[in-house]
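A.B. asks: predicted structure and sequence below. I'll ask about it afterward.
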Amino acid sequence: KTEPTNKKVSPPPQAQSVTFNEQGQATHLTVGYVMDRQLGNTGGLGGVFGLLHAIGKSPFAFPEGRPWKPSWQYRLFMFMGNLAAKVSGLFSKKDE
């Protein structure tokens with residue numbers, strides 16, 4: 001039994017979708033697809049992963065069950081992109 005935590009869960013915006021077959025029957029349901037992982041207090045997680053993370057009861061040890069953390073490769077890629085944008089801005093024509 002889990003005792004109440006009295007913590008408020010503020011999930012990020014999430015998308016849901018349903019796939020139907022030719023007979024109009026639902027064949028696939030997708031829920032908890034996070035649209036903006038920077039919002040809310042779920043660590044960018046959706047669905048039950050986000051709920052459990054927000055209340056501090058997440059038992060998931062696999063990467064998909066933990067908050068998103070950018071890799072060093074991703075951080076390097078973003079840094080280089082920002083640097084390139086700043087350098088190209090130095091050489092762009094100024095409107096007078």
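C.D. replies: Received it, and whenever you're ready, just let me know what you need.
A.B. asks: name the residues of stretch 62-69 that are buried.
C.D. replies: When burial is assessed from 16 or more other C-beta atoms under 10 Å, stretch 62-69 yields no buried residues. Using the backbone N, CA and C atoms, a C-beta is placed for each residue, glycine as well.
A.B. asks: ditto for stretch 24-41
C.D. replies: Those buried within stretch 24-41 under the rule 16+ other C-beta under 10 Å are 32, 34, 37, 40.
A.B. asks: what's the answer for stretch 3-15, then?
C.D. replies: Per 16+ other C-beta under 10 Å, stretch 3-15 contains these buried residues: 11-12, 14.
A.B. asks: which elements pack onto the biggest strand by length in the chain?
C.D. replies: Under DSSP state E, the strand in the chain containing the largest number of residues is strand 26-34. Under the contact definition 3 or more C-beta pairs under 8 Å, 6 or more residues apart in numbering; DSSP states H and E, strand 26-34 sits against strand 14-20, helix 47-54.
A.B. asks: with just CA atoms, put the helix or strand that the last one is followed by into CSV.
C.D. replies: With elements assigned by DSSP states H and E, the helix or strand that comes after helix 47-54 is helix 72-90. Only the C-alpha atoms of helix 72-90 are listed here, as CSV (Å, rounded to 0.1, in the frame of the first residue of the first chain):
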residue,chain,number,x,y,z
TRP,A,72,27.7,15.0,-23.7
GLN,A,73,27.4,14.5,-27.4
TYR,A,74,24.1,16.3,-27.6
ARG,A,75,25.4,19.1,-25.4
LEU,A,76,28.5,19.5,-27.6
PHE,A,77,26.3,19.5,-30.7
MET,A,78,24.1,22.3,-29.2
PHE,A,79,27.1,24.3,-28.1
MET,A,80,28.7,24.1,-31.6
GLY,A,81,25.4,25.2,-33.2
ASN,A,82,25.0,28.2,-30.9
LEU,A,83,28.6,29.1,-31.5
ALA,A,84,28.2,28.9,-35.3
ALA,A,85,25.1,31.1,-35.1
LYS,A,86,27.0,33.8,-33.0
VAL,A,87,30.0,33.7,-35.4
SER,A,88,27.8,34.0,-38.5
GLY,A,89,26.0,37.0,-36.8
LEU,A,90,29.3,38.8,-36.6
